[in-house]
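> Next input, structure requested:
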Amino acid sequence: MTNKIEHWQLLSRQAQPLEMKIRMTQTRIRAAHDHWNGDVYVSYSGGMDSTVLLHIARELYPSIPAVFIKSLPYPEIWEHVQATPGVTVLRPKKTFPQIVREYGWPIVSKENSQKIYEVRTTKSDKLRRKRMHGDNTRRRSGKIPDKWMYLIDAPFKISDRCCYWMKKSPAQAYQGQSKRCPVLGARVQESRFRLQSYIRHGCNALDVRKPRSWPLAFWRDEDIWEYVRQFSVPYSRIYDMGYKRTGCFPCAFGAHMEKEPNRYQRMKSTHPKLHEWCGNLGLWEVLEYIGVPHE
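Next comes the predicted model:
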């Protein structure tokens, strides 16, 4: 069950009032639940989006499982997860320091980190040429952007493999064992990749090789906050400390686009021990190389 979405349809859905969005989200959760005969689970990060998603899902199905992967959350996120009933906690097989040493640092974006890693490690001349020069189309698809070409010669490893080991691998193992389909709080406002996937499949991609449901895909940031306030939903206090991004605390994806104080500058005042841990691991040298302040 996949439904290609036109861009005007997305804009129309984003413009709907919250009450309508809630009903649309409920419809999509029910569709996934029915399609999988109840064998679904909420992928729960403890962040704002998945907190709202779990609240809506449990209004419909109070016993729906929630699964949290304990990678490197902020303490306040972990505190919030522990206070949420019915959450299964998974743990990655590799630690972040192991992944960084073996594969490299997650910087700039997942897409560009992957391309840089491929240029440095591939044995395929064809793939290397594509990453360095693009394909033969006018858009030169697959090429590393010119502004990031210098990272090919960076004095440290770079890769996107962190997300695989810290998130995807534990989730895939759980899905294989439980035979459950994930319901995720992903939203198109958060990345180009999610927008493209939504346009291609819609909220529910249930008959594909890797099925999933994104019932909040068309929600905007302000919708999430409006829902929390309207229904008095408990959320992690990390958001009251000025943080907007609450994934793994060392992750540098998107850090170059943040205004000051960025996540690391804020971390120094709110979580000095985490800030020191990042520095001891070598993150500050990496950030200085790409021009991201951390003090």
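> Name the residues of the strand or helix carrying Glu19 that come out as buried.
Here Glu19, judged by DSSP states H and E, is contained in helix 18-35. Using 16 or more other CB atoms under 10 Å as the test for burial, helix 18-35 gives 21-22, 24-25, 28-29, 31-33, 35. Where C-beta positions appear, they are placed from N, C-alpha and C, glycine not excepted.
> likewise stretch 94-106?
Neighbour-count burial for stretch 94-106, with 16+ other CB under 10 Å as criterion, is recorded at 94, 96, 99-100, 103-106.
> Okay, and which of those residues map to helices?
Of these, the ones assigned to helices by DSSP state H are 96, 99-100.
> closest to Lys268 among these?
Phe96 (19.0 Å; CB to CB).
> That closest one: what's it in contact with?
For Phe96, the contact set (CB atoms under 8 Å, 6 or more residues apart in numbering) comprises 71-72, 162, 166, 248, 250, 281.
> can you check Ser197 too?
Per CB under 8 Å, 6+ apart, neighbours of Ser197: 205, 214.
> What average pLDDT does stretch 266-282 get?
Averaged across stretch 266-282, pLDDT comes to 98.
> First-to-last residue distance for it?
In stretch 266-282, first residue to last residue: 18 Å (CA to CA, to the nearest Å).
> cool, stretch 114-134 as well?
Chord length of stretch 114-134, first to last residue, is 15 Å (CA to CA).
> what's the answer for stretch 5-24, then?
Distance between the two ends of stretch 5-24: 15 Å, counting by CA to CA.
> Over to stretch 98-117?
Its first and final residues considered, stretch 98-117 spans 16 Å by CA to CA.
> which residues are contacting that stretch?
Contacts with stretch 98-117, where a contact means CB under 8 Å, 6+ apart, come from 94, 131, 142-145, 148, 151-152, 156-163, 165-166, 193, 251-256, 281-283, 286, 290.
> buried subset of those residues?
Counted by 16+ other CB under 10 Å, the contacts of stretch 98-117 give 94, 131, 142-144, 148, 151, 157-163, 165-166, 251-256, 281, 283, 286, 290 as buried.
> among the residues you listed, which are in strands?
Applying DSSP state E to those, the entries found in strands are 252-253.
> Which members of the buried residues of stretch 94-106 define the maximum pairwise distance?
Maximum pairwise distance among the buried residues of stretch 94-106 (CB to CB): 14.5 Å, between Lys94 and Trp105.
> where do the helices sit along the stretch 101-250 of the chain?
Here the stretch 101-250 of the chain has its helices, by DSSP state H, counting those that start in this stretch, at 110-121, 125-133, 161-163, 169-178, 192-201, 221-230.
> Using TSV, lay out the ones you listed together with mean pLDDT and distance to Trp214.
Output for the helices of the stretch 101-250 of the chain, formatted as TSV (pLDDT from 0 to 100; distance: least, CB to CB, whole Å):
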stretch	mean pLDDT	distance to Trp214
helix 110-121	96	17
helix 125-133	93	29
helix 161-163	95	17
helix 169-178	96	15
helix 192-201	85	7
helix 221-230	97	14
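> Could you list the low-pLDDT ranges of the stretch 51-200 of the chain?
Across the stretch 51-200 of the chain, the ranges flagged by pLDDT under 70 are 136-140.
> So which bits of stretch 181-191 are buried?
181-189, 191.
> about what we covered before: which of the ones in helices among the buried residues of stretch 94-106 sits closest to Val87?
If you rank those by distance to Val87 using CB to CB, Phe96 comes first, at 21.6 Å.
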